[in-house]
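Enquirer: Show me the folded form of this:
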Amino acid sequence: MIHFLEQYFVELVTVTSIIYLTLAIILLLYKTPDTAVYKTFRRSKRLMAGGMGLISLNIWIWIASFTGSWTEYNNWVPCFDIILFYLMGICFSFSLSSLLDPHYISRKRYRAIAVKFTLTAFFALIAMTDALKAYQLPLLLIALIGLLEMLIGHIYYFNKCYLRSNALFENYFSNEKSHFIRWLKVSHWLFYGMLILGVISIRSGALFNWLLQFYVVGMNLYILVNIINYASEYETLMKANVDKEEEEKMGEANPKKAFIETLRPRVTEWTLEKSYLKEQFTIDDLATKLYTNKTYLSTFIKEEFGMNFSSWIASLRLEEAKKMMSEHPDAKLKDIAYNVGFSSLPYFSSVFAKSEGVTPSAWMKEISRNKER
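Expert: Numbering: from 1, shown residues only. Take a look at the predicted model:
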C-alpha cells in the first residue's frame, strides 16, 4: 500500500496542480458587475486566484526537487515553502479580509507587508547558502517566525473584521445575514490548517501527503463555489458598511435631541401597523419610510429599546409569533415563522429559544397544557 502511494505520488500532485491552476483560471474568468461597488470584490477574486496559482507553483517546485526517494531530504524545500507560504498567506488573507472590509487593502498595509516579506525571504534564502550552513536551523526559524507573525496578525484582524461585519448586519438587516459571510471564516481556518499541514508534510510520508492533497483540493473547491455564490449577495451586504466617522460625528452632534421625540410617534404608528411582519427590509428602508436617516433611527432604537435594529425587529416578531401560537396551537411552526417575517424555521427557533429559554414547540405544548387545566 505505502509502496503504491509513494510510486504514484508525483502523478497525483501533477493532477492536483493542474486542478489548482484550473480553479484559478475559472476564478479570473468569472464575471462580476462592472461597478464601483464590486471593485474590491474583483481585486479579492484576483488575489484568491493568485493564491491558488501559488499552490500549483509550490507543487511544481517540489516535483523539480524530488529525487524519487522518500528517505532523502532536500534542504531547499523548507526555504521555498516558507517563501511561497508567505505569499499564499498574503493572497488568501488579503482576499478574505477585504471581502469583509473594503478598506482593508491600503498602500500603508502593502508597504508594511512588503518589508516583512522581504526580510522573511532574505533569511530563508541565506539559510541555504554554503557559507552559513552551520546556522541553517536558526536562520530558518527566524524566517518561520516572520511567517507566523504575518499569519497571527491576519488572524487577529480578520476576526475583528468578522465581528464588526456581524454587528453591522444586525443593525442594518431585519433578518439574520451572518450566514452569508460564515464561509469566509471557515475558509480562513481551512487555509491556516493547510499551512500547518503543509509544514508537517515536509517530514511526512506518502500517506500523509496523499491525504493533504485531497484536503487542499477540497478547500479550494469550497472557496471557489462560495466566492461565486457570494458575488450575488455582495452589493446588498456592503450596504451595511456605513461610514463610521460620519455616524459618530452625527451621533456626537445629536446625542439626545429633538429627533428622538420626533421619531417616537412615527415608530409607534409603524409598529401598530405591524409593518415589521414584512419578510425582509433594512434599516435604510425603515428610515426612508419614517422620514429620517439610518443613523438617527439606529440611535433612537438603542436609546428607546436598548437593543440594535435586528434584535428589536426580532422581539416584535416574537411577540406576534407567541400570539399566533396561543390562538392557533395546531398551526405549523414553519408557517408561523414565515407569517411573522422570519426567513427560516431554524432561525426563528434559534431566536425564540434565546429569548424564551425553551424551543417554540415546547412553548406551544406548555400553552396547550395550561389551556386544558
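Enquirer: what's the burial count for Lys294?
Expert: For Lys294, the tally of surrounding residues (other CB atoms under 10 Å) stands at 21. Quick note: C-beta positions are derived from backbone N, CA and C, even for glycine.
Enquirer: go on, Ala124?
Expert: Neighbour number of Ala124 under other CB under 10 Å is 24.
Enquirer: Return the residues in contact with it.
Expert: 78-80, 82-83, 139-140, 143 (CB atoms under 8 Å, 6 or more residues apart in numbering).
Enquirer: Name the helix or strand for the closest residue to it other than its chain neighbours, please.
Expert: Closest residue to Ala124 apart from its sequence neighbours, by CB to CB, 6 or more residues apart in numbering: Ala143 at 3.9 Å. Using DSSP states H and E, Ala143 maps to helix 136-170.
Enquirer: From the contact counts, what lies against that helix?
Expert: The contact analysis (3 or more CB pairs under 8 Å, 6 or more residues apart in numbering; DSSP states H and E) places helix 136-170 against helix 76-100, helix 107-126, helix 182-201, helix 309-327.
Enquirer: ok and that helix relative to helix 76-100, angle-wise?
Expert: Relative orientation of helix 136-170 and helix 76-100, computed by axes from the mean of the first three to the mean of the last three CA atoms, to 10 degrees: 10 degrees.
Enquirer: Helix 136-170 - what's its average pLDDT?
Expert: Rounded to a whole number, the mean pLDDT of helix 136-170 is 91.
Enquirer: that older thread, can you tell me which of the helices and strands packed on helix 136-170 is most buried?
Expert: Ranked by mean neighbour count under mean count of other CB atoms under 10 Å, these are led by helix 76-100, which reaches a mean of 22.
Enquirer: What is the subsequent helix or strand relative to the least confident helix or strand in the chain by mean pLDDT?
Expert: Comparing helices and strands within the chain by mean pLDDT, DSSP states H and E singles out helix 244-253 as the least confident, with a mean of 50. Stepping forward along the backbone from helix 244-253, the first helix or strand reached (DSSP H and E) is helix 258-272.
Enquirer: So what touches that next one?
Expert: Helix 258-272 is touched from outside by 276, 286, 289-292, 296-297, 299-300, 303-304, 316, with contacts defined as CB under 8 Å, 6+ apart.
Enquirer: make it 7 Å
Expert: When contacts are defined by CB atoms under 7 Å, 6 or more residues apart in numbering, helix 258-272 is touched by residues 290, 292, 296-297, 300, 303, 316.
Enquirer: Where does the prediction get shaky in the stretch 1-150 of the chain?
Expert: Scanning the stretch 1-150 of the chain with the threshold set as pLDDT under 70 gives 71-73.
Enquirer: picking up where we left off before, now for the contacts of helix 258-272: which two are most distant?
Expert: The largest distance within the contacts of helix 258-272, taken as CB to CB, falls between Tyr296 and Leu316 and amounts to 19.4 Å.
Enquirer: Could you point out which of the helices and strands packed on helix 136-170 sits nearest Trp62?
Expert: Comparing those by their distance to Trp62 (CB to CB), the top pick is helix 76-100, with 6.8 Å.
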